[in-house]
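**Q** Curious how this folds, go ahead:
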Amino acid sequence: MNKVFVTGMGVISAIGNNSAENLKNLRDGKSGVGPAKYLKSNYGKSHPFAEVKISTEELKARLEFKNKKGLTRTDLIAFTALKEALIDSNLTAKEISAEKTAFFSASTIGGMCHTDELYEDANLISSGSEYIESYFLSTHALKIAKEYQLSGIVGAINTACSSSANSIMLGAKLIKSGRATRAIVGGVDSLGKFSINGFNSLQIMSDIPCAPFDANRKGLNLGEGSAYLVLESEDIIGSKKRYAEILGFGNSNDAFHPSSLSEDAVGVVECISRAISNAQISPIEIDYINAHGTATGNNDITELIGIKKVFKGFPPFNSTKSFTGHTLAAAGAIEAVFSIFSIYNNELFPSLNCNTPIEPFNEFPIIEHKSAEIKTVLSNSFGFGGNCSSLIIRES
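**A** Residues are numbered from 1 along each chain as shown. Down below sits the predicted model:
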């Protein structure tokens with residue numbers, strides 16, 4: 001089986017428009033959660049969000065496209081992160097479009113961030129907006145494939161909040177099996193009325209900055225962003241920079257409830273255990289866990305139960321959603337990049353706003369930035385419908 005290494009990364013989120021800005025704000029403990037500036041929603045005044053700090057118009061202006069018609073905010077955020085990853089990996093146009101280069105991208109919202117236009121188009125109120133062909137979750141991936149003339153395997157994934165973790169997993173599987181030598185993987189989601197109203201109906205949106213793993217947590221903050229990673233087989237890397245190795249992965253489905261994990265954490269335990277088995281390591285080798293950590297009542301306690309069952313205790317863990325909000329399909333890829341930051345720089349970032357640990361565990365997440373020797377990281381991503389995925393990432 002071929003080893004899989006990360007040779008390029010790109011990320012845009014509420015705490016930065018590129019990798020360097022994201023890393024700086026993680027180190028400084030500066031959250032991107034706050035009042036929304038660009039979002040058009042009644043909840044923009046009553047709830048904090050983790051909004052990318054660039055307007056849609058400015059994102060579009062930065063893009064070097066001749067035809068920008070029909071590009072949604074989701075598309076624009078995706079292209080921004082993707083461009084950084086491709087440049088970081090120093091890929092040529094020929095390498096990007098090669099038949100052995102796979103591309104997998106995730107989204108749950110897609111172009112439905114343009115909720116008003118979608119409503120008018122669907123109900124024949126409009127004469128047809130420029131976004132009429134842009135609403136599907138796969139549209140951003142199709143536009144990327146067309147722009148970069150991709151000829152390899154191309155796919156779009158939607159397993160809710162584990163989506164981009166699964167795109168990383170699928171890309172790594174293809175490389176390990178020899179069906180691809182390179183995979184560009186990640187995901188994107190942007191804020192919009194469609195998703196906000198949906199999460200509000202579940203009564204899990206907090207009206208204050210989220211507090212993952214705090215006993216008094218009130219719910220999640222929705223965010224937006226994108227991240228892409230360039231994965232390459234050890235056979236073709238040569239002397240290129242290697243950020244980390246995708247060592248193992250596992251996924252499961254607890255088939256318990258449309259929007260909640262089973263209280264005995266059966267899905268969480270299964271996906272973590274499968275990832276550890278796939279990586280051929282023991283649990284004691286995990287130095288740090290980037291938890292899913294949404295700050296909802298069900299998720300945080302279930303994840304703690306699952307971690308304790310697998311590890312018989314608690315390795316250092318945090319939730320970087322306290323910085324970026326919950327970016328839905330983009331979360332797994334963004335948090336994989338943040339996990340690699342920890343490995344590559346030997347440092348751990350704080351989980352913000354946690355003041356009272358959850359009983360009966362009484363375990364605090366990491367609450368301050370600190371140096372630490374980090375060789376192996378577990379990154380968890382759990383989605384609606386019981387879709388649970390875990391990645392194990394190791395120093396290269």
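**Q** quick one, what contacts Thr115?
**A** By CB atoms under 8 Å, 6 or more residues apart in numbering, the contact list for Thr115 reads 192-194. All C-beta atoms are positioned from the backbone trio N, CA, C, and that covers glycine.
**Q** which ones among those are found in helices?
**A** Secondary structure from DSSP state H places 193-194 of the contacts of Thr115 in helices.
**Q** Neighbour-wise, give me the winner out of the contacts of Thr115.
**A** Neighbour counts for the contacts of Thr115 (other CB atoms under 10 Å) peak at Gly192, which has 26 neighbours.
**Q** Run a quick check on it versus Thr108, I expect a contact.
**A** No - using CB atoms under 8 Å as the test, Gly192 is too far from Thr108 to be in contact (10.9 Å).
**Q** rewinding a little: in terms of model confidence, name the weakest of the contacts of Thr115.
**A** Minimum pLDDT for these is recorded at Phe194 (85).
**Q** neighbours around Thr324, how many?
**A** So Thr324, with other CB under 10 Å, has 31 neighbours.
**Q** Could you find the closest non-adjacent residue to it?
**A** Excluding the flanking residues, the one nearest Thr324 by CB to CB, 6 or more residues apart in numbering is Ser13, at 4.5 Å.
**Q** for the one you found, which residues make a bridge with it?
**A** In this entry, Ser13 is beta-bridged to Gly16, by DSSP bridges.
**Q** can you pull the pLDDT of it?
**A** Listed pLDDT for Ser13 reads 98.
**Q** Count the residues that sit near it.
**A** 32.
**Q** Can I get the contacts of Thr115 in TSV including distance to Phe5?
**A** Below are these laid out as TSV (distance: CB to CB, whole Å):
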residue	distance to Phe5
Gly192	35
Lys193	40
Phe194	37
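**Q** Stretch 38-57: how far from the chain's middle?
**A** Here stretch 38-57 is found 19 Å from its chain centre; the criterion is CA atoms, centre = their mean, to the nearest Å.
**Q** Residues touching that stretch, excluding its own?
**A** 12-14, 17, 31-37, 59, 62, 73, 76-77, 116, 190-193, 196-197, 200, 205-209, 221-225, 323-327.
**Q** follow-up on the earlier one: I figured the residue nearest to Thr324 hits Gly223, correct?
**A** Yes - contact criterion CB under 8 Å: Ser13 and Gly223 qualify, at 6.9 Å.
**Q** joint contacts of those two?
**A** Both Ser13 and Gly223 are in contact with 32, 50, 324, 327, where contact means CB under 8 Å, 6+ apart.
**Q** From Gly225, how far out is the third one?
**A** Okay, so that is Thr324. Applying CB to CB, to the nearest Å, the value for Thr324 to Gly225 is 6 Å.
**Q** list the residues that contact both of the two?
**A** Contact criterion CB under 8 Å, 6+ apart; residues shared by Thr324 and Gly225: 13-14, 50, 334.
**Q** Selecting buried members of those residues in PyMOL, what would you type?
**A** A single PyMOL command suffices to select whichever of the shared contacts of Thr324 and Gly225 are buried according to 16 or more other CB atoms under 10 Å:
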select buried, resi 13+14+50+334
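**Q** follow-up on the earlier one: among the contacts of stretch 38-57, which are in strands?
**A** 12, 33-34, 225 (DSSP state E).
**Q** Just the closest of these to Glu363, please.
**A** Taking CB to CB as the measure, Glu363 lies nearest Val33 of these, at 23.0 Å.
**Q** The closest one contacts Asn25, doesn't it?
**A** No - taking CB under 8 Å as the definition, Val33 is not a contact partner of Asn25, at 11.5 Å.
**Q** wait, isn't Ala329 in contact with Ala156?
**A** No - Ala329 is not in contact with Ala156 according to CB under 8 Å; the separation is 9.7 Å.
**Q** neighbour-wise, which of those two wins?
**A** Between Ala329 and Ala156, counted using other CB under 10 Å, the more crowded position is Ala329 (33 against 23).
**Q** Can you name the residues that contact that one?
**A** With CB under 8 Å, 6+ apart, Ala329 has these contacts: 106-109, 137, 157-158, 160-161, 163-164, 187-189.
**Q** On the three-state scheme, the residue minimising distance to the centre of the chain is what?
**A** Most central in the chain under CA atoms, centre = their mean is Ala331, positioned 2.1 Å from the mean C-alpha point. Secondary structure for Ala331, judged by DSSP: H, G, I helix; E, B strand; the rest coil, is helix.
**Q** That one - nearest residue in space that isn't next to it in sequence?
**A** Using CB to CB, 6+ apart, the closest residue to Ala331 is Cys161 (5.6 Å).
**Q** Look up how far Thr296 lies from that neighbour.
**A** Distance, Cys161 to Thr296, using CB to CB: 11 Å.
**Q** ditto for Thr159
**A** Thr159 is 18 Å from Thr296, by CB to CB.
**Q** Give the residue farthest from the middle of this protein.
**A** Most remote from the centre of the chain, using CA atoms, centre = their mean: Ser127, at 35.7 Å.
**Q** confidence score at that one?
**A** Ser127 carries a pLDDT score of 76 in this model.
**Q** got a list of what Ser351 touches?
**A** 212-213, 293, 317-320, 322, 365-367.
**Q** helices or strands up against whatever helix or strand Leu391 lives in?
**A** If you go by DSSP states H and E, Leu391 is part of strand 387-394. In terms of contacts (3 or more CB pairs under 8 Å, 6 or more residues apart in numbering; DSSP states H and E), strand 387-394 is packed against helix 163-176, strand 244-253, helix 266-279, helix 331-345, strand 376-383.
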